[in-house]
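>>> Provide a 3D model corresponding to the input given below.
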Amino acid sequence: MRSLVGTAVAKLIAAPIGAAASAVGDFVKWATVLQPFWMGILVSAVIGIALTLPISSAAICAALGLVGLAGGAAVAGCCAQMVGFAVMSFRENRWGGLVSQGLGTSMLQVPNIVRNPRIWIPPILASAITGPIATCVFKLQMNGAAINSGMGTCGLCGPIGVWTGWMAPSEQAVKLGLTSITPSAFDWLGVALVCFVLPALLSWTFCEVCRKLGWIQEGDLTLDR
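Here you go, the predicted structure:
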């Protein structure tokens, strides 16, 4: 009986989820041709949102072959969601929540987002800031496998993808004329700030503002309620 119910539910929601993922992919494809500043904001925010939603940001990035600056913006957005939720919910979820969201998935917060969508404001704002910083300040490119652009800090795949792209660019990156580089201290600083430090600081700051405004209440970010 359970299997029948599961099959029926899957059949019911598969088409809408597929359509949503396709629409996100089309939007991202359009956004990648914009100037780096606007592209950084839009790609970072949208791919970050897709990572937290029950659709696959990694699959979208892989399907689009999202590498280069656009891939860097996607990495920024995904890291902002995962690190952001992990840090801003630390008071509720402590170390277990920090690890499960920061190295696992921010999708764990979906039930809480449904209950109070305003908890999503801090990491989305953080991604809209770190995205253009990645593309315009650090020129951060994700030239590893395109799927890593949509992984964020899940198993550290996003930052590792950036590093492997420096050492040995993926086939998609090579097609764009990108070659291996010897990363400078500035490049490493960019990865550290964009993937870890800024998402944590910005999300925590925006969350504290939202808490003071009463938009986020104690317990709104608690997992397994």
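>>> Report the residue spans of this protein with pLDDT below the cut-off.
By pLDDT under 70, the low-scoring segments of the chain are 1-34, 225.
>>> Tell me where it has helices.
Along the chain, the segments classed as helices by DSSP state H run 2-31, 36-52, 57-64, 68-88, 90-99, 110-115, 121-132, 157-167, 171-175, 185-192, 198-213.
>>> Please identify the most buried of the ones you listed.
With neighbours defined by mean count of other Cβ atoms under 10 Å, none of the helices of the chain is more surrounded on average than helix 68-88, at a mean of 32. From N, CA and C alone the C-beta is placed, and that goes for glycine too.
>>> okay, the helices of the chain in CSV with distance to residue 148 next?
CSV is the format used below for these (distance: least, Cβ to Cβ, whole Å):
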stretch, distance to residue 148
helix 2-31, 15
helix 36-52, 12
helix 57-64, 8
helix 68-88, 7
helix 90-99, 20
helix 110-115, 22
helix 121-132, 16
helix 157-167, 3
helix 171-175, 11
helix 185-192, 13
helix 198-213, 17
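>>> Out of the ones you listed, which gets nearest to residue 220?
Put simply, out of those the one that sits nearest residue 220 is helix 110-115, at 6.1 Å, with distance taken as Cβ to Cβ.
>>> Using CSV, write out every CA atom in the closest one.
Taking Å, rounded to 0.1, in the frame of the first residue of the first chain, the C-alpha atoms of helix 110-115 are listed here in CSV:
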residue,chain,number,x,y,z
VAL,A,110,12.8,23.2,3.7
PRO,A,111,10.1,22.2,6.3
ASN,A,112,11.0,25.3,8.3
ILE,A,113,11.0,27.5,5.2
VAL,A,114,7.5,26.3,4.4
ARG,A,115,6.4,27.3,8.0
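>>> Good, wrapping up.
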